[in-house]
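[1] Please work out how this folds:
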Amino acid sequence: MLTWKAASVAALTAIGAFACGIPTSQPATAATLIYARGNDALRLDPAMGTSSEDYKTGDWMCEGLVRFKGATTDVEPALATSWEKSEDGLTWTFHLRENVKFHDGSPFTADAVVYSFERQFNKSNPYYSPRFVRWAGKFGDMTKVEKVDDHTVKLHFTAAQPALFYNLAIYVGYIVSPNGVKNDPEGYADHPICTGPFKLTRWEKNNFIELDRFDGYWGPKPKLDKVVMRVIPENDVRLLALQKGEVQLIDDLPFNRIADVAKGPDTAVQTVPAVGFSSLNLNMDSDKLKDIRVRQAIEHAINRNRVFNVSFFKQGEPGNQPMPSGFLGHAKDITVYDYDPEKAKKLLAEAGYAKGLKLDFLAFANPRPYFPSPTDGIAMIKADLAKVGIDAEVSMATWSDWIERRRAGKFDITISGWTASTVDPDGVIYPYYHSNSVGLDNVSRFKNADVDRLLIEARSTYDADKRQELYAQAVKIITEQAPTVFFAHPVYTLGMRREVEGAARNPANQVLLNDVSIKE
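    From the prediction side, this is the model:
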């Protein structure tokens, strides 16, 4: 076990240059877990989360009215102890847990729920921010948060909310300290104050985030004293740190090393099916791609089976649509594009590009859950496109720059994908293909009135059979229009030291640390 000891040179040396600047005042018995990932968060306020890197630490600091039960996506009480729905399905009443404190010592009451939600949708709220970009996609039908008494709230909606509890259990639904925001409105994004089992103590950007156990936590106290989230961008370096015992958990394990790590005497691997997909996205606003024949040509030009076998090492499930098989929203009657370079050339010629065309290929190198080895995928995609006369000029971007350029539509094609915390098609298909999400998460800038209507209807009924029918119709149109080349339904990976007990990832991509311990 790697422990931290006051004035212990040996403990600091064990984690190399990372130790520089880290406080070393922990007692000799302190249990510290070091968790490594490929990228840092952009901001920590859970309402501002836009990727797993943003909300991962929020899952340890913050809580919602409900939560997922361990490694499952079964919902159980958290800050609410019980709830009921009105007869029309438009109002939900939640009874709140008593004697709960925020990290700043202030009490958790209905006022905090009202505050946490209203600041995200009420634009006249003095603490509203345009950075609350995920609210509309998760709770856009909420019209009012009503305080009944100190420990009862009502959520009012204009439509049914079939994915409500999935959304309440993730970052957008987390409850924050009103005092924390009001006392430091500018700095709160970097230092959130919530009710969770761990509290933030330090963030050195692009290096590490340090959390301490919150001894005032209402539930069972964590077994860990401290969690350090370390940034190690390179896959191989991050894996080596795990194998050497410098870190105990790592994200985004290289798929080509899963078998080796699983067989290691000191390491183990957990893989969890992700709800979502990996893809190449075609910018529907690009003049070169507005002709559907060009998009169809790109679909036929890419050997997606080779990308799946080589870049994903056959981990997960080959994909041709947004939702994996076995999930609500997976459709059978869709357009599937086989690998056919000659057909691709013919389509390009019909579209007026018999001599080829040039495309701006926006890409990133850092691993993502939906693209664990992007450089391999980029090389194969570029080579396949070149064979049919498409010169895809790769423009590599940093993670933050890629997000900015992707949202601005400054590309022709880009690798991308989606893994959803909302384990429901409303958390996958709506944000990625509804026209309201153009400029946010609708990477292909896809706009189709029929799809918009179907997605709104599907998120507005509790009837699962009706929802399946509506999603199937939407997915049929999406695949026909070819805005996305699908590669796989990926898996989440969690590499760990064998001395770590109780660590597990759920399909919502949460790694909850409440029950984690490190064997001596």
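[2] Going by C-alpha atoms from here, please, whenever you check contacts or count neighbours.
    Noted.
[3] What is the end-to-end distance of stretch 261-279?
    The stretch stretch 261-279 measures 27 Å between its terminal residues, going by Cα to Cα, to the nearest Å.
[4] Buried ones in stretch 74-81, by neighbour count?
    For stretch 74-81, a neighbour-count test (16 or more other Cα atoms under 10 Å) marks 76, 77, 78, 79, 80 as buried.
[5] With stretch 194-204 instead?
    Going by neighbour count (16+ other Cα under 10 Å), the buried part of stretch 194-204 is 194, 195, 196, 197, 198, 199, 200, 202, 203.
[6] Give me the subset of those residues lying in strands.
    Secondary structure from DSSP state E places 198, 199, 200, 202, 203 of the buried residues of stretch 194-204 in strands.
[7] Would you reformat those as a markdown table and include pLDDT?
    Below are these laid out as a markdown table (pLDDT from 0 to 100):
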| residue | pLDDT |
| --- | --- |
| 198 | 98 |
| 199 | 98 |
| 200 | 97 |
| 202 | 96 |
| 203 | 97 |
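[8] count of neighbours near the spatially closest residue to residue 92 that is not a sequence neighbour?
    Of all residues not flanking residue 92 in the chain, residue 85 sits nearest, at 4.6 Å (Cα to Cα, 6 or more residues apart in numbering). Other residues lying near residue 85 total 13 when counted by other Cα atoms under 10 Å.
[9] Could you pull up the residues touching residue 85?
    Contact partners of residue 85, counting by Cα atoms under 8 Å, 6 or more residues apart in numbering, are 91, 92, 93.
[10] Of those residues, which belong to strands?
    Going by DSSP E, the strands hold 91, 92, 93 from those.
[11] who wins for neighbours among those?
    residue 91 (21 neighbours).
[12] Can you pull up the most central residue in this structure?
    A centroid search over the chain (Cα atoms, centre = their mean) returns residue 52, at 3.7 Å, as the residue closest to the centre.
[13] so what pLDDT did it get?
    For residue 52, the model assigns a pLDDT of 84.
[14] Ramachandran angles for the nearest residue to residue 203 once chain neighbours are set aside?
    Here the nearest residue to residue 203 in space, its sequence neighbours aside, is residue 209; by Cα to Cα, 6+ apart that works out to 4.4 Å. Main-chain torsions, residue 209, degrees, to the nearest 10: phi -120, psi 130.
[15] confidence score at residue 209?
    Listed pLDDT for residue 209 reads 97.
[16] Burial check on the nearest residue to residue 462 once chain neighbours are set aside, number of neighbours?
    Residue nearest to residue 462 in three dimensions, not counting chain neighbours: residue 162, with 5.1 Å by Cα to Cα, 6+ apart. The tally of other residues near residue 162 (other Cα under 10 Å) stands at 19.
[17] Residue 162 contacts residue 457, doesn't it?
    No. Look at residue 162 against residue 457 with Cα atoms under 8 Å: they stay out of range, at 11.1 Å.
[18] returning to that earlier point: for the residue nearest to residue 462, phi and psi?
    Dihedral angles (degrees, to the nearest 10) for residue 162: phi -70, psi -30.
[19] list the contacts for it?
    Counting by Cα under 8 Å, 6+ apart, residue 162 has contacts 459, 460, 461, 462.
[20] Likewise for residue 109?
    Neighbouring residues of residue 109 by Cα under 8 Å, 6+ apart: 96, 98, 150, 151.
[21] Dig out what the residue nearest to residue 414 when sequence neighbours are not counted forms beta bridges with.
    Spatial nearest neighbour of residue 414, excluding adjacent residues (Cα to Cα, 6+ apart): residue 362 at 4.7 Å. Beta-bridge pairing for residue 362 (DSSP bridges): residue 395, residue 414.
[22] And the pLDDT at residue 362?
    pLDDT, residue 362: 98.
[23] Thought residue 394 was touching it, still the case?
    Yes. Between residue 362 and residue 394 there is a contact at 6.0 Å, judged by Cα under 8 Å.
[24] Looking at those two, which is more packed in?
    For residue 362 versus residue 394, neighbours defined as other Cα under 10 Å are more numerous around residue 362 (23 against 17).
[25] and the gap between the more buried one and residue 276?
    Taken as Cα to Cα, the span from residue 362 to residue 276 is 21 Å.
[26] now do residue 500
    28 Å.
[27] neighbour count winner among these two?
    Neighbour totals were compared for residue 500 and residue 276, and residue 276 leads with 28 against 18 (other Cα under 10 Å).
[28] This completes my enquiry, with thanks.
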